[in-house]
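Peer 1: please find the sequence and the predicted model below.
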Amino acid sequence: MDTEPEATSDQAPPPERALSRVDVSPAAAAFLVELTAKHGPLMFHQSGGCCDGSSPMCYPVGFFRVGAVDVHLGDLHVKGLDPIEVFMSRSQFEYWKYTHLTIDVVAGRGAGFSVESPEGKRFLIRSRMLDDAELTEFGLA
């Protein structure tokens with residue numbers, strides 16, 4: 001019977017991922033694998049309103065230009081894909097800085113400019129307040 005080798009004192013433990021402001025649901029992660037196969041590497045920008053409400057907008061890398069007015073919230077880690085960067089405008093971030101965001105996917109019409117739009121699904125944000133460890137990590141305690 002094959003088993004995983006046990007860690008020994010000369011092996012370093014696996015590195016822990018730092019706390020993040022963003023995450024991805026299993027359903028959204030699977031969908032991102034499909035979308036990446038069609039469109040190449042992707043990124044997100046959390047929209048602040050206007051035409052597409054407050055939907056997380058998913059674009060092929062390079063199709064949406066981020067700048068000094070945007071905050072890099074973190075990266076989504078999906079098995080088999082390069083990290084997917086997530087951004088938000090600095091002014092909107094001031095309202096959301098105490099929250100953790102999870103990108104999820106549901107059935108429905110996607111935002112007009114986001115890559116999922118023709119697929120009959122749409123990304124959405126699920127949020128919760130940061131916990132004490134996260135508040136400390138992000139300098140908000």
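Peer 2: It's in. Numbers count the residues shown, from 1 in each chain.

Peer 1: secondary structure element for the spatially closest residue to R128 that is not a sequence neighbour?
Peer 2: Closest residue in space to R128, ignoring its immediate chain neighbours: H100 at 5.3 Å, by CB to CB, 6 or more residues apart in numbering. Every C-beta, even on glycine, is put in place using the N, C-alpha and C of the backbone. According to DSSP states H and E, H100 maps onto strand 99-107.

Peer 1: so what strands line up beside that strand?
Peer 2: Paired neighbours of strand 99-107 in the sheet (DSSP bridges): strand 22-24 (parallel), strand 121-129 (antiparallel).

Peer 1: next, the buried residues of the longest helix seen in the chain.
Peer 2: For the chain, the helix with the greatest residue count under DSSP state H is helix 26-39. By neighbour count on 16 or more other CB atoms under 10 Å, the buried set for helix 26-39 is A28, A29, F31, L32, L35, T36.

Peer 1: need the contact partners of the lowest-mean-pLDDT helix or strand in the chain.
Peer 2: Lowest by mean pLDDT, DSSP states H and E among the helices and strands of the chain is helix 90-96, with a mean of 91. For helix 90-96, the surrounding residues in contact (CB atoms under 8 Å, 6 or more residues apart in numbering) are Q46, G48, V69, D70, V71, L73, M88, S127.
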